[in-house]
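Asks: Compute the structure for the input listed below.
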Amino acid sequence: MERLGHNRGGYRGETIPPEAVIATCELAASEHGWTRDSLAPDRPFRPAYQRRSRRPSAPRIYLSAGIHGDEPAGPLAMARLLRDNAWPDADLWLVPCLNPEGLRIGRRESGAGFDLNRDYRACRCPETRGHVDWFRRQPDFDLTLLLHEDWESHGFYIYEVNRGGQPSLAPQMISAVRAVCPVDESPVIDGRDISEPGILRPLLTPEERPDWPEALWLITHKAPLSYTLEAPSDWPLTVRTDALVVAVRTALASFLKSET
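Replies: Model (predicted):
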């Protein structure tokens with residue numbers, strides 16, 4: 001499995017039609033009994049799906065993708081997960097495409113030119129405000145999984161923020177992903193020292209950061225355990241999508257096992 005070598009100075013890979021991906025999500029969610037909501041503003045359409053377990057004490061899990069328009073594997077992975085419908089017995093919330101305008105043009109930022117994943121503290125953008133308003137209407141989550149890509153990386157890697165001291169899910173995810181995608185073995189990834197191969201566990205000081213990503217808002221306000229999954233954008237889109245699907249399925253299975 002070889003990297004493509006396309007990404008020089010930025011993402012130069014495939015783009016996807018967000019309308020088609022959202023249509024696939026809509027159909028699968030309808031067929032499999034999900035409740036649909038949407039994030040403000042009304043245009044472009046950004047669906048959110050929810051499905052409740054019959055168990056009153058079921059864990060609450062949130063997943064998102066597509067906040068950066070130059071990261072198409074996340075929405076494709078979410079569409080496949082919805083279509084395959086192999087979910088654990090949990091309360092689930094999914095937002096599969098946070099930045100449709102960016103995905104349409106293959107650009108990291110929103111249509112207005114903002115990096116939405118740096119706006120969750122100031123909430124200057126209507127897309128971010130709408131997402132945070134939606135968050136505030138939901139209960140707290142036990143686990144969040146955020147699907148991303150990194151055009152500079154040498155392989156798959158994971159950010160873990162674990163404020164509750166729970167058993168880490170990251171090693172299981174890394175082990176499972178190795179079967180379908182290279183793992184970044186670098187000692188420093190994204191300017192940070194690794195904790196284990198392919199795993200970053202940054203020390204967070206949210207009050208010192210003016211530009212919060214979605215993960216930082218969630219870990220501050222909504223969930224004690226969060227994973228940002230980073231697929232390597234310089235490998236084929238099918239490989240990156242497979243890696244994210246495998247990582248999500250492994251995290252869900254491992255988390256439910258640890259809960260029981």
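
Asks: who does the helix or strand hosting residue 253 touch, helix- and strand-wise?
Replies: Here residue 253, judged by DSSP states H and E, is contained in helix 237-259. Applying 3 or more CB pairs under 8 Å, 6 or more residues apart in numbering; DSSP states H and E, one finds that helix 237-259 contacts strand 60-65, helix 73-84, strand 143-150, helix 170-177, strand 225-232. Where C-beta positions appear, they are placed from N, C-alpha and C, glycine not excepted.

Asks: Mean pLDDT, distance to residue 203 and mean neighbour count added to these, as JSON lines?
Replies: What follows is those, written out as JSON lines (pLDDT from 0 to 100; distance: least, CB to CB, whole Å; neighbours: other CB atoms under 10 Å):
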{"stretch": "strand 60-65", "mean pLDDT": "98", "distance to residue 203": "23", "mean neighbour count": "25"}
{"stretch": "helix 73-84", "mean pLDDT": "98", "distance to residue 203": "26", "mean neighbour count": "24"}
{"stretch": "strand 143-150", "mean pLDDT": "98", "distance to residue 203": "19", "mean neighbour count": "24"}
{"stretch": "helix 170-177", "mean pLDDT": "98", "distance to residue 203": "16", "mean neighbour count": "20"}
{"stretch": "strand 225-232", "mean pLDDT": "98", "distance to residue 203": "14", "mean neighbour count": "25"}
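
Asks: and the closest residue to residue 52 other than its chain neighbours, how many residues sit next to it?
Replies: In space, residue 52 comes closest to residue 91 once its chain neighbours are excluded; the distance is 5.1 Å by CB to CB, 6 or more residues apart in numbering. A count of nearby residues for residue 91, using other CB atoms under 10 Å, gives 20.

Asks: And residue 138, by the same measure?
Replies: Quick note: residue 138 (other CB under 10 Å) scores 15 neighbours.

Asks: do the same with residue 55
Replies: So residue 55, with other CB under 10 Å, has 10 neighbours.

Asks: gap between it and residue 218?
Replies: According to CB to CB, to the nearest Å, residue 55 and residue 218 sit 23 Å apart.

Asks: Just give the closest residue to residue 6, not the sequence neighbours.
Replies: Closest residue in space to residue 6, ignoring its immediate chain neighbours: residue 12 at 4.4 Å, by CB to CB, 6+ apart.

Asks: Surely residue 158 is in contact with residue 198?
Replies: Yes - between residue 158 and residue 198 there is a contact under CB atoms under 8 Å: 6.3 Å.

Asks: Distance from the helix holding residue 253 to the middle of the chain?
Replies: How far helix 237-259 lies from its chain's middle: 11 Å, per CA atoms, centre = their mean, to the nearest Å.

Asks: Show me which residues of that helix are buried.
Replies: For helix 237-259, a neighbour-count test (16 or more other CB atoms under 10 Å) marks 237, 239-252, 254-256, 259 as buried.

Asks: still on that earlier bit, check what pLDDT the residue nearest to residue 6 gets.
Replies: Residue 12 is assigned 93 on the pLDDT scale.

Asks: Give me the neighbour count for it.
Replies: Applying other CB under 10 Å, I find that residue 12 has 15 neighbouring residues.

Asks: Which strand or helix spans it?
Replies: Per DSSP H and E, there is no helix or strand for residue 12.

Asks: all strands for the stretch 1-150 of the chain, in order.
Replies: 35-38, 47-51, 60-65, 91-95, 143-150 (DSSP state E, counting those that start in this stretch).

Asks: by contact count, what packs against the second one?
Replies: Translated: strand 47-51. Using 3+ CB pairs under 8 Å, 6+ apart, strand 47-51 sits against helix 18-31, strand 35-38, strand 91-95.

Asks: Just name whatever secondary elements the first one is in contact with.
Replies: Using 3+ CB pairs under 8 Å, 6+ apart as the contact criterion, the secondary-structure elements in contact with helix 18-31 are strand 35-38, strand 47-51, helix 73-84, helix 100-105.

Asks: Which residues lie in contact with the residue nearest to residue 247 when sequence neighbours are not counted in this structure?
Replies: Take residue 247 and drop its neighbours on the chain: the residue closest to it by CB to CB, 6+ apart is residue 173, 4.5 Å away. Counting by CB atoms under 8 Å, 6 or more residues apart in numbering, residue 173 touches 158, 227, 229, 246, 247, 250, 251, 254.
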